[in-house]
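Colleague: Fold the following and give me the result.
(chains A and B)
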Amino acid sequence: MKLTVISGAARARSKSNTALILENFCRGYEAEGNQTQTFYLSDRNQWEAARAAFDASDNLLIALPLYVENLPGLLLEFLGTLTPKRTPGAKLAFLVQGGFPEASQLRCCEEYLETLPARLGCIYGGTLIKGNMFFLRLLSDKQQEELRMFETMGKRFAQLGRFDKDEVTLFAAPEYMPETALKVFRGPGKFFQRLVMNAISRKMGGRGNLEARPYKDGE
Amino acid sequence: MRLLIVSTLPEEDPEARQVIGTLRAKAEECRVIMAREIRPCSGCNACWLVTPGICSIRDGYEEILKAYLQYDATVFVCGTALGFAEYRMKNVIDRMLPLVTMLLTVKDGQMRHVMRYKKQLRWGLVYTGEADETYMNRWMERVMVNAGGVCLGAFSASRVQEVPV
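Modeller: Okay, here's the model as predicted:
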């Protein structure tokens, strides 16, 4: 079985968390002799080939980072250039990753994605969601081993031919952060995150206060 | 009320003129920004971590960011595609990230970004074309929850008169 994968991330592949997730997911999908072909929309030179692959494939996965509660504008632009399929039977599934840790933050986007395949002439193949993915590129190789969970989900997707909603809910947990974790975050976590964010900022060449207000506040 | 309208519809579109005209008549003062050429957010995180509050893309969006902070309310006006806001408007809304900081806080049991400015945003959406109004409202509500602001609602163009501005 061949899976056509389209990454809707705006970041270049080398810096994309979605791409890192896909590498693991596709490894799992290919484990039992399946094939994948991935297109990256951050490279507009790949759009034409991605469109042709969408037209030719009946087994599709679109992966994306959550952007303001929904699909990134870049991905919407690409989708608007597709011609809906006329022959029934093609399946379209999604993989959505976000920065917030709770799965509940991804549900609004998931709700839209449930309706999208029908508009493109496809059957809905489910959505894999996972939060807490903001720091992926900053993790050490050892920490990145946690990404193997996506390899497992890739294998499972190959077996089932779709994402099972109950399995995804377990995978995406927690739906909400437990109160104990929120308490820690409100207390020492509040200061710890400032230290971490400032360190990351400096590493990226950041200047100034992370809470700077460069424009006049119209309070 | 001082109203900001950000539109991604073609300026000469009769429906856009009607929507903008109706909104304009409801406000004491109104500024309209046509924003059809706003580029997509590149996800570089510079506005959070490198030049806090300033977007690295120079395409005129800075004027919109400043205007959000100066007007009492903002109404976005756009077309739809695939049952959702068309990509030009999603580009505009995706580019709001400089308004929030990288830092997180807890509100109503969920993680939220700490807002960069004290100004409480009041945003609404009017769209032409086909979309599920219930879902569009849910989306705008979610946008405003994470922007610490007030959602004015999402309205199909035929209901523009109901926008609470």
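
Colleague: on contacts alone, who are the packing partners of the top helix by length along chain A?
Modeller: Longest helix in chain A, counting residues (DSSP state H): helix A:188-203. Helices and strands touching helix A:188-203, by 3 or more C-beta pairs under 8 Å, 6 or more residues apart in numbering or on different chains; DSSP states H and E, are helix B:46-49, strand B:100-107. Where C-beta positions appear, they are placed from N, C-alpha and C, glycine not excepted.

Colleague: where do the helices sit along chain A?
Modeller: A:17-30, A:47-56, A:73-79, A:107-119, A:148-160, A:165-172, A:179-186, A:188-203.

Colleague: which one of those is the most hemmed in?
Modeller: Of all the helices of chain A, helix A:73-79 has the most neighbours on average by mean count of other C-beta atoms under 10 Å in any protein chain shown, namely a mean of 24.

Colleague: How far off centre is that one?
Modeller: Its chain's C-alpha centre and that of helix A:73-79 lie 14 Å apart, by C-alpha atoms, centre = their mean, to the nearest Å.

Colleague: quick check, it touching chain B?
Modeller: Yes: Helix A:73-79 comes into contact with chain B (C-beta under 8 Å from any C-beta of the partner chain), by way of A:Gly73, A:Leu74, A:Leu76, A:Glu77, A:Leu79.

Colleague: Where does the prediction get shaky in chain B?
Modeller: Applying pLDDT under 70 to chain B flags no residue at all.

Colleague: Against which helices or strands is whichever strand or helix holds B:Asn91 packed?
Modeller: Following DSSP states H and E, one finds B:Asn91 within helix B:87-94. With contacts defined as 3+ C-beta pairs under 8 Å, 6+ apart, the packing partners of helix B:87-94 are helix A:73-79, strand B:73-78.

Colleague: could these be laid out in JSON lines, adding distance to B:Ala27?
Modeller: Putting the helices and strands packed on helix B:87-94 into JSON lines (distance: least, C-beta to C-beta, whole Å) gives the following:
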{"stretch": "helix A:73-79", "distance to B:Ala27": "27"}
{"stretch": "strand B:73-78", "distance to B:Ala27": "8"}
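
Colleague: What residues does A:Pro72 make contact with?
Modeller: A:Gly8, A:Ala9, A:Ala10, A:Leu64, A:Pro65, B:Pro40, B:Cys41, B:Gly43, B:Lys90, B:Asp94 (C-beta atoms under 8 Å, 6 or more residues apart in numbering or on different chains).

Colleague: isn't there a strand covering B:Ala154?
Modeller: Yes: using DSSP: H, G, I helix; E, B strand; the rest coil, the assignment for B:Ala154 is a strand.

Colleague: Buried deepest among the helices and strands packed on helix A:188-203, which one?
Modeller: helix B:46-49 (a mean of 22).

Colleague: what's next to the helix or strand following that one, contact-wise?
Modeller: Using DSSP H and E, the helix or strand that follows helix B:46-49 in sequence is helix B:61-70. Contacting residues not belonging to helix B:61-70 are listed as A:215-218, B:2, B:4, B:6, B:31, B:33, B:35, B:38-39, B:54-55, B:74, B:92, B:95-96, B:98-99, B:117, B:119, B:121 [C-beta under 8 Å, 6+ apart].

Colleague: List the buried residues of helix B:61-70.
Modeller: Neighbour-count burial for helix B:61-70 flags B:Tyr61, B:Glu62, B:Ile64, B:Leu65, B:Ala67, B:Tyr68, B:Leu69 (criterion: 16 or more other C-beta atoms under 10 Å in any protein chain shown).

Colleague: closest to chain A among those residues?
Modeller: B:Leu69 (4.2 Å; C-beta to the nearest C-beta).

Colleague: for residue 77, what are its contacts?
Modeller: If you meant another chain, say so; for now it's chain A. Contacts of A:Glu77 by C-beta under 8 Å, 6+ apart are B:Pro40, B:Tyr87, B:Asn91.

Colleague: Sorry, I should have been clearer: chain B.
Modeller: With C-beta under 8 Å, 6+ apart, B:Val77 has these contacts: B:Ile5, B:Val6, B:Ser7, B:Thr8, B:Leu9, B:Ala16, B:Val19, B:Ile20, B:Leu23, B:Leu125, B:Val126, B:Tyr127.

Colleague: For the spatially closest residue to A:Gly98 that is not a sequence neighbour, give me its contacts.
Modeller: Nearest residue to A:Gly98, sequence neighbours excluded (C-beta to C-beta, 6 or more residues apart in numbering or on different chains): A:Leu66, at 3.7 Å. Taking C-beta under 8 Å, 6+ apart as the contact definition, A:Leu66 lies against A:Val96, A:Gln97, A:Gly98, A:Gly99, A:Gln105, A:Leu106, A:Cys109.
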